[in-house]
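Participant: Here's a sequence, model it:
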Amino acid sequence: MIYDYKVTTGKGEQLDLNTLRGKVILIVNTATGCGFTPQYAPIEDLYKKYHNRGLEILDFPCNQFGGQAPGTDDEIHEFCTVHYNTTFPQMKKIDVNGPNELPLYAYLKRHRGFKGFDPHPYKELLEGMFAKADPDWDKKPDIKWNFTKFLVDSHGNIVARFEPTADMKRVEDCIRRLLKKTPEIKAIRFREGGFASQPFAFGGEEGPEKFDFSVKYRSGLTNYLIDTGDEVILVDTGLPEGTPEESPDEKTAIYTGHDIKGYMEALGDLGYGPGDISKILLTHKHLDHSGLLSRFPNARIFVNEEECDAAELQGLPNLVPVKFTDGAYYNFPACQKIRDGVYFIRAKGHTKGNSIVIAESDGLFYMLHGDITYTDEALYENKLSVVFEDLAAARETLDRVREFVAHHPTVYLSTHTPSGPENLEGKRIVDLNNPPETIPAGEVVFRTASGKYVCSVCGYVYIPAEHDNVAFEDLPDDWRCPRCRQPRERFNRA
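Facilitator: Residues are numbered from 1 along each chain as shown. Model (predicted):
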């Protein structure tokens, strides 16, 4: 690796490149009497602009091209500081080609060969000069002229070579991309210790009766945030404050568990408050995802435009209806780019306006999917839950999710299972051919019921006093949730 090399500064001191781990490094061979010498100025501009953000520049004077750097190290340093006010580090004058070439340059050329000159007033002149001297000049990796640049990322990879004819804006754009902080995803856990029955998690297409009610998968509630370094983006916002815990019994299909702490407290424990949040990406309308949107009045709430008329989202002035105008994202036909590395993707089915979020970080794809599945087991077994508004669309979405994770290193972040935050912590990549071992749901404590009932899908709380004191048990068989229209059996005692 590049960190194995040592070089000598213009002052005669040894510089171990291992000390530059974590830095983005621009390496350039320079000359003081060249037509490209004015590039000292934009190189100095890069140093002033990005050095504090992690850019290091190593300037190697070289006299091999037209004898255009004839001075001593001190004379070259004086020239640069007087004429261009340079402050970036100058190394000892070296050879970059031939028997006396600096070993570092042999390494650089081995990893990034010559690919041609860019359009430039000097392009034809340079090509003609080299072709006259060597017909195979363009097939060799050697340095062609002064001000050839190599760019090394923060992991020591040589990511680019720029010939002296390259536009300096291209160089800057590449540096800026490398310096950009990759998004950090964090879990906001607020319920644990629940379960989802197999008929609930798997029975969307074949019917619940085809599955074993005694098989229960772990459940809980977790939302997520994306910290990009210059803004904090929430993905969904937890249950409304005061939502009662459910009181499961032997017929309960899904139980979201007991409160660990409130969502706002869990967010605060991560070091964030409402004022820190600039955007919220809402996967869908249900209250375990949208319940606290009103606590973030200064954040822009991005939501599929087809979801905006939902009762849960009324009265929110900061909604941003998303039309998905940025085209396809890999195999997903429609997306909206929220910022570099963060994409909002249409994924209809669970609700008619359902979406997923993908955050790209350090070569991984973090899929924050809301409720495409309620358990990771359903993803591996290719099963839909019983909760959907459009079954055909839900099937198409799950097919696309499975196709995506089969071809991209994906960390699958679920809302309703502790597998989500566990996957995040361990950076566990989905491998559809090797399902992880299922961890059994723990023992559930059955609690005294309050007379209230909670919809396990949207979080609506049925309070008899608000319904002419009609007990939930006395409602007609065809009664449905006033909010999400789910049947009675989707409710749990509170």
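Participant: mind listing the strands for the stretch 351-494 of the chain?
Facilitator: 355-361, 364-368, 410-413, 453-455, 461-462, 491-493 (DSSP state E, counting those that start in this stretch).
Participant: Looking at strand pairing, list the partners for residue 188.
Facilitator: residue 223 (DSSP bridges).
Participant: Mean neighbour count for the strands of the stretch 351-494 of the chain - can I get that in a markdown table?
Facilitator: Placement of C-beta: from N, CA and C, glycine included. Compiled in a markdown table, those are given as follows (neighbours: other CB atoms under 10 Å):
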| stretch | mean neighbour count |
| --- | --- |
| strand 355-361 | 24 |
| strand 364-368 | 22 |
| strand 410-413 | 23 |
| strand 453-455 | 24 |
| strand 461-462 | 19 |
| strand 491-493 | 24 |
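Participant: Nearest approach to residue 63 belongs to which of those?
Facilitator: Shortest distance between residue 63 and those, using CB to CB, is found for strand 355-361: 44.0 Å.
Participant: Each with direction, which strands does the closest one pair with?
Facilitator: By DSSP bridges, strand 355-361 pairs with strand 342-346 (antiparallel), strand 364-368 (antiparallel).
Participant: Output the below-cut-off pLDDT ranges for the chain.
Facilitator: Filtered on pLDDT under 70, the chain yields the residue ranges 181, 443-449.
Participant: what's around residue 18, how many residues?
Facilitator: As a burial measure, residue 18 scores 13 neighbours (other CB atoms under 10 Å).
Participant: do residue 101 as well
Facilitator: So residue 101, with other CB under 10 Å, has 17 neighbours.
Participant: In contact with it, which residues?
Facilitator: Residue 101 sits next to 94-95 when contact means CB atoms under 8 Å, 6 or more residues apart in numbering.
Participant: hmm, back to that, ok, which of the strands of the stretch 351-494 of the chain comes nearest residue 469?
Facilitator: Closest among the strands of the stretch 351-494 of the chain, using CB to CB: strand 461-462, at 12.0 Å.
Participant: helices and strands around that closest one, which ones?
Facilitator: Counting by 3 or more CB pairs under 8 Å, 6 or more residues apart in numbering; DSSP states H and E, the packing neighbours recorded for strand 461-462 are strand 453-455.
Participant: Could you rerun that using 10 Å?
Facilitator: strand 453-455, strand 491-493 (3 or more CB pairs under 10 Å, 6 or more residues apart in numbering; DSSP states H and E).
Participant: what angle do the longest helix along the chain and strand 364-368 make?
Facilitator: Counting residues, the longest helix found in the chain (DSSP state H) is helix 391-407. Helix 391-407 and strand 364-368 are oriented at 160 degrees to each other (axes from the mean of the first three to the mean of the last three CA atoms, to 10 degrees).
Participant: Can you list the buried residues in helix 391-407?
Facilitator: 393-395, 397-398, 400-401, 404-405 (16 or more other CB atoms under 10 Å).
Participant: centre of the chain versus that helix, how much separation?
Facilitator: For helix 391-407, the separation from the chain centroid amounts to 20 Å (computed by CA atoms, centre = their mean, to the nearest Å).
Participant: what's it packed up against?
Facilitator: Checked by 3+ CB pairs under 10 Å, 6+ apart, helix 391-407 has strand 342-346, strand 355-361, strand 364-368, helix 376-381, strand 410-413 packed alongside it.
Participant: What is the linear distance spanned by stretch 2-12 between its boundary residues?
Facilitator: Stretch 2-12 has an end-to-end distance of 20 Å (CA to CA, to the nearest Å).
Participant: Figure out how far that stretch is from the centre of its chain.
Facilitator: 35 Å.
Participant: Strands along the stretch 101-250 of the chain, start to end?
Facilitator: Using DSSP E, counting those that start in this stretch, the strands of the stretch 101-250 of the chain run over 149-152, 158-162, 184-197, 216-227, 232-235.
Participant: how about the residue most central in space within the chain, what does it touch?
Facilitator: Nearest to the geometric centre of the chain sits residue 359, at 2.4 Å (CA atoms, centre = their mean). The contact partners of residue 359, by CB atoms under 10 Å, 6 or more residues apart in numbering, come to 182-185, 224, 226, 228, 233, 235, 281, 338-339, 341-343, 365-368, 411, 413.
Participant: Format the CA atom coordinates belonging to the one helix or strand residue 76 maps to as PDB.
Facilitator: For residue 76, the host element (DSSP states H and E) is helix 73-84. C-alpha atoms of helix 73-84 as PDB (Å, rounded to 0.1, in the frame of the first residue of the first chain):
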ATOM      1  CA  ASP A  73      15.200  22.700  -3.300                       C
ATOM      2  CA  ASP A  74      15.600  26.000  -1.500                       C
ATOM      3  CA  GLU A  75      15.500  28.000  -4.800                       C
ATOM      4  CA  ILE A  76      12.300  26.200  -5.900                       C
ATOM      5  CA  HIS A  77      10.700  26.800  -2.600                       C
ATOM      6  CA  GLU A  78      11.500  30.500  -2.700                       C
ATOM      7  CA  PHE A  79      10.100  30.800  -6.300                       C
ATOM      8  CA  CYS A  80       6.800  29.100  -5.300                       C
ATOM      9  CA  THR A  81       6.200  31.100  -2.200                       C
ATOM     10  CA  VAL A  82       7.100  34.500  -3.800                       C
ATOM     11  CA  HIS A  83       5.200  34.000  -7.100                       C
ATOM     12  CA  TYR A  84       2.300  31.800  -5.900                       C
END
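Participant: That helix - contacts with which helices or strands?
Facilitator: In terms of contacts (3+ CB pairs under 10 Å, 6+ apart), helix 73-84 is packed against helix 40-50, strand 55-61.
Participant: which of these is buried the deepest?
Facilitator: strand 55-61 (a mean of 22; mean count of other CB atoms under 10 Å).
Participant: For residue 30, see how far away residue 57 is.
Facilitator: 10 Å (CB to CB, to the nearest Å).
Participant: Give me the common contacts of these two.
Facilitator: Residues touching both residue 57 and residue 30 (CB under 10 Å, 6+ apart): 43, 86, 90, 149.
Participant: Please produce a PyMOL select command covering the buried subset of these.
Facilitator: Selection of buried members from the shared contacts of residue 57 and residue 30 for PyMOL, criterion 16+ other CB under 10 Å:
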select buried, resi 43+86+90+149
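Participant: how about CSV for the shared contacts of residue 57 and residue 30, with distance to residue 98 added?
Facilitator: Shown next, in CSV, are the shared contacts of residue 57 and residue 30 (distance: CB to CB, whole Å):
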residue, distance to residue 98
43, 25
86, 27
90, 22
149, 20
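Participant: picking that back up, output the strands of the stretch 351-494 of the chain in CSV, with distance to residue 473 appended to each entry.
Facilitator: Listed next are those as CSV, based on distance: least, CB to CB, whole Å:
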stretch, distance to residue 473
strand 355-361, 37
strand 364-368, 38
strand 410-413, 37
strand 453-455, 9
strand 461-462, 11
strand 491-493, 10
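Participant: List just the one of the helices and strands packed on strand 461-462 that sits closest to residue 437.
Facilitator: Comparing the helices and strands packed on strand 461-462 by CB to CB, strand 491-493 comes nearest, at 27.9 Å.
Participant: which residues are in contact with that closest one?
Facilitator: So strand 491-493 is contacted by 194, 244-249, 251-256, 446-457, 460-462, 472-473, 475, 479, 481 (CB under 10 Å, 6+ apart).
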